[in-house]
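1. One predicted model, sequence on top.
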Amino acid sequence: MPRLGQPTGDATSKAGRAPEYLEVLARGMRVIECFRDGRDGLSVSDVAKRVGIPRASARRALLTLADLGYIEDQGRAFALTPKVLRLASAFLTSNVIATVMQPIVEGVARQIGEACSAAVLDGDDIVFVARANPQRIVSVGLEIGYRLPAFSTAVGRVLLGALSDEEIDGRLKRAKPARYTERTITNVAEIRKAIRTARNEGYSAVDQEVELGFRSIAVPVFRADQRAACALHIGTHRVAAPLQDAIDEFVPLLRQAAADAALMLI
């Protein structure tokens with residue numbers, strides 16, 4: 001599956017910032033985020049360009065993070081260290097959604113022999129917070145944190161469908177849908193229709209829009225107050241059979257699992 005591109009410049013809107021806003025802290029977090037896809041390390045100039053800050057500021061931020069142990073100075077380049085995973089671990093261990101959904105997705109995966117995940121909406125992306133894949137020896141935690149575009153995924157469409165029409169229209173106005181395969185829907189009107197269909201039917205089925213040979217089916221998981229907490233998703237490479245067969249097989253299982261999860265999401 002394609003990974004999302006790294007945003008450049010200051011991703012934080014300057015409008016509406018509170019007086020307590022700390023630009024230095026925000027800059028440090030953006031420096032850490034900019035290492036996405038920087039597998040061979042990044043130079044000071046690379047970081048300055050990706051974050052949209054002066055080279056001197058980038059160097060100070062990198063050296064500070066290196067002193068804290070989050071970044072390693074490799075001489076000509078900098079790289080993240082495993083200590084960064086403490087940030088993700090803090091979220092996963094403190095977030096009730098991740099805690100509740102991990103055993104849920106494991107149970108579904110064992111039952112059907114397919115990968116099952118839970119994801120939340122983060123801006124215009126969806127982020128996986130729980131995942132299990134019975135086809136791998138070690139399944140727990142694989143691909144947690146993976147991001148995909150909400151507009152092109154089953155998970156994203158059911159979560160967007162839980163928003164108000166005004167919120168959906170606002171997101172679509174600034175949307176720039178990318179084409180990942182020849183099946184990807186990029187027309188905004190068609191995306192809006194797919195989101196509303198997901199809302200009305202209570203599930204979304206996406207057929208090879210993000211990756212050829214991969215289907216995705218998702219249902220929303222609601223809290224007790226009927227707000228959407230996350231979405232439960234099954235991904236399968238079984239694409240030879242009609243899509244309706246996958247819907248008939250997986251949607252009832254997902255809905256039951258979502259109902260079980262809702263009892264624990266207050």
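-> Now that the structure is in, tell me what you want to look at. Just so you know, these numbers come straight off a predicted model, no measurement behind them.
2. Poorly predicted segments of the stretch 1-150 of the chain, please.
-> 1-16, 38, 89, 91-94, 135-142 (pLDDT under 70).
3. for it, what spans make up the strands?
-> 71-73, 78-80, 115-122, 125-132, 147-149 (DSSP state E, counting those that start in this stretch).
4. can you list these in CSV and add distance to Ala231 and mean neighbour count?
-> Quick note: C-beta positions are derived from backbone N, CA and C, even for glycine. Below are these laid out as CSV (distance: least, Cβ to Cβ, whole Å; neighbours: other Cβ atoms under 10 Å):
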stretch, distance to Ala231, mean neighbour count
strand 71-73, 33, 18
strand 78-80, 29, 19
strand 115-122, 6, 24
strand 125-132, 7, 23
strand 147-149, 12, 19
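5. With respect to Leu42, which of those lies nearest?
-> Closest approach to Leu42 among the strands of the stretch 1-150 of the chain is made by strand 78-80 (5.8 Å; Cβ to Cβ).
6. which residues sit against the closest one?
-> With Cβ atoms under 8 Å, 6 or more residues apart in numbering as the test, strand 78-80 has contacts from 32, 35, 38, 41-44, 47, 62, 66, 70-72.
7. Tell me how far it lies from the chain's centre.
-> 23 Å (Cα atoms, centre = their mean, to the nearest Å).
8. One more: stretch 164-173?
-> With Cα atoms, centre = their mean, you get 19 Å for stretch 164-173.
9. What would it look like as PDB? C-alpha coordinates only.
-> Output in PDB follows, covering the C-alpha atoms of stretch 164-173 (Å, rounded to 0.1, in the frame of the first residue of the first chain):
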ATOM      1  CA  SER A 164     -22.000  16.100  10.100                       C
ATOM      2  CA  ASP A 165     -22.700  17.100   6.500                       C
ATOM      3  CA  GLU A 166     -21.100  20.500   7.200                       C
ATOM      4  CA  GLU A 167     -17.900  18.800   8.400                       C
ATOM      5  CA  ILE A 168     -17.800  16.400   5.500                       C
ATOM      6  CA  ASP A 169     -18.300  19.300   3.000                       C
ATOM      7  CA  GLY A 170     -15.600  21.300   4.700                       C
ATOM      8  CA  ARG A 171     -13.100  18.500   4.400                       C
ATOM      9  CA  LEU A 172     -14.000  17.800   0.800                       C
ATOM     10  CA  LYS A 173     -13.500  21.500  -0.200                       C
END
